[in-house]
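Asks: Take a look and give me a structure for this.
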Amino acid sequence: MTKKKAGFGLLFLFLSMTCEEIITSLQKMSNPECVTGAVHLGINVKTLGISTPQLQMFSNLLGKNHALAAELWECRFHEAHFMAGFVEEPALVTEDQLEKWAKDFDNWAICDHICSTVIRRTTFAYKKISDWANRDEEFVKRAAFSLMAVMAVHDKKANDQTFVDLLPVAEKHAGDDRNFVKKAVNWAIRQIGKRSILLNEKAIETALRIKAGNTRSGRWIAADALRELQSEAVFKRLWEKAHPTQTISSQT
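Replies: Here you go, the predicted model:
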């Protein structure tokens, strides 16, 4: 058998794997040391201790498969959920499915992963920000602001006004003292403030109002956001992005 034929055979083997076979393979990859590491990172859920790069490599071999993603999600442990995000086909995802998945979010890592790999690629990503920001469940609410941050990074076609309109949502919820919510609110404000000079100004104004609100979580969110958004490095990058043919020194 030639190497080319062997390669096609191996690829077919992965593409035809059942959910049960995938789970068996994952169990064989389990690493107890990584389980301990996950706990230290605040991932206190049923986990096998497999690194994200390993999961992504495995998922790449499986290809995109909406039905398989649904099966993997039902397996109810961390690595299966991660792989569901990698193999899911965003164009086939419905709002009902996202609501179901969001209710299962039980740690910050899977929340952020699904926002980044799946939800941001759906047509209702911005709607979910609005819907979930007012939810009480910690990781559903975190998903709203995680998604806000992810869209600020990846939605290159969105205009500044889209994110100007989102900053009041972050400001409104800056008083939520739950660790994984306040960190996501902070993340969203910082990412929005690094998109453009205008959004940097608006994000700084938002952070200053949050600071003035003087809540415990708000003080932390504002201090951390202002530290980055008012830094020379961020200003320099945004100025150069707005004036690609000039240097700062030529204007001083």
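Asks: going forward, measure contacts between C-alpha atoms and count neighbours the same way
Replies: Fine.
Asks: tell me which element residue 26 is part of?
Replies: Following DSSP states H and E, one finds residue 26 within helix 19-28.
Asks: What residues of that helix count as buried?
Replies: Neighbour-count burial for helix 19-28 flags 19, 22, 26 (criterion: 16 or more other CA atoms under 10 Å).
Asks: Tally up the residues packed near residue 91, please.
Replies: Counted with other CA atoms under 10 Å, residues neighbouring residue 91 total 12.
Asks: What are the phi and psi values at the closest residue to it other than its chain neighbours?
Replies: Distance criterion CA to CA, 6 or more residues apart in numbering; nearest residue to residue 91, sequence neighbours excluded, is residue 122 at 6.3 Å. The phi and psi torsions at residue 122 (degrees, to the nearest 10) take the values phi -90, psi 170.
Asks: try residue 30
Replies: Phi and psi for residue 30, reported as degrees, to the nearest 10, are phi -60, psi 140.
Asks: Tell me the pLDDT of it.
Replies: Residue 30 is assigned a pLDDT of 87 by the prediction.
Asks: and it, how many residues sit next to it?
Replies: Residue 30: 16 surrounding residues under other CA under 10 Å.
Asks: what about it, distance to residue 111?
Replies: Taking CA to CA, to the nearest Å as the measure, residue 30 falls 22 Å from residue 111.
Asks: cool, residue 24 as well?
Replies: Note on residue 24: its distance to residue 111, by CA to CA, is 24 Å.
Asks: just residue 208 next, same as before
Replies: Counting by CA to CA, the gap from residue 208 to residue 111 is 28 Å.
Asks: Equivalent analysis for residue 195, please.
Replies: Note on residue 195: its distance to residue 111, by CA to CA, is 23 Å.
Asks: got it, and residue 21?
Replies: In terms of CA to CA, residue 21 sits 25 Å off from residue 111.
Asks: same question, residue 77
Replies: Computed as CA to CA, the residue 77 to residue 111 distance reads 13 Å.
Asks: quick one: which of the two has more around it?
Replies: A count of neighbours by other CA under 10 Å puts residue 111 above the other of residue 77 and residue 111, at 24 against 14.
Asks: Would you mind identifying the next helix or strand past whatever helix or strand that one lives in?
Replies: Using DSSP H and E, residue 111 sits within helix 108-117. Counting by DSSP H and E, the element after helix 108-117 in chain order, helix or strand, is helix 125-133.
Asks: Send over that next one as PDB, restricted to the C-alpha atoms.
Replies: Taking C-alpha atoms only, helix 125-133 is exported to PDB below (Å, rounded to 0.1, in the frame of the first residue of the first chain):
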ATOM      1  CA  ALA A 125     -24.400  36.400  18.000                       C
ATOM      2  CA  TYR A 126     -25.300  40.000  18.900                       C
ATOM      3  CA  LYS A 127     -28.800  39.000  19.900                       C
ATOM      4  CA  LYS A 128     -27.300  36.500  22.400                       C
ATOM      5  CA  ILE A 129     -25.200  39.300  24.000                       C
ATOM      6  CA  SER A 130     -28.400  41.200  24.700                       C
ATOM      7  CA  ASP A 131     -30.400  38.100  25.800                       C
ATOM      8  CA  TRP A 132     -27.800  36.700  28.100                       C
ATOM      9  CA  ALA A 133     -26.500  39.900  29.800                       C
END
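Asks: Residue 116 is in contact with residue 150, correct?
Replies: Yes. Taking contacts as CA atoms under 8 Å, residue 150 lies within contact range of residue 116: 6.2 Å.
Asks: For the residue nearest in space to the middle of the chain, which non-adjacent residue is spatially closest?
Replies: Closest residue to the average C-alpha location of the chain: residue 112 at 3.1 Å, with CA atoms, centre = their mean. Nearest-residue entry for residue 112: residue 146, 6.0 Å, with adjacent residues in sequence omitted and distances by CA to CA, 6+ apart.
Asks: Regarding the one you found, what are the backbone dihedral angles?
Replies: Main-chain dihedrals, residue 146, degrees, to the nearest 10: phi -60, psi -40.
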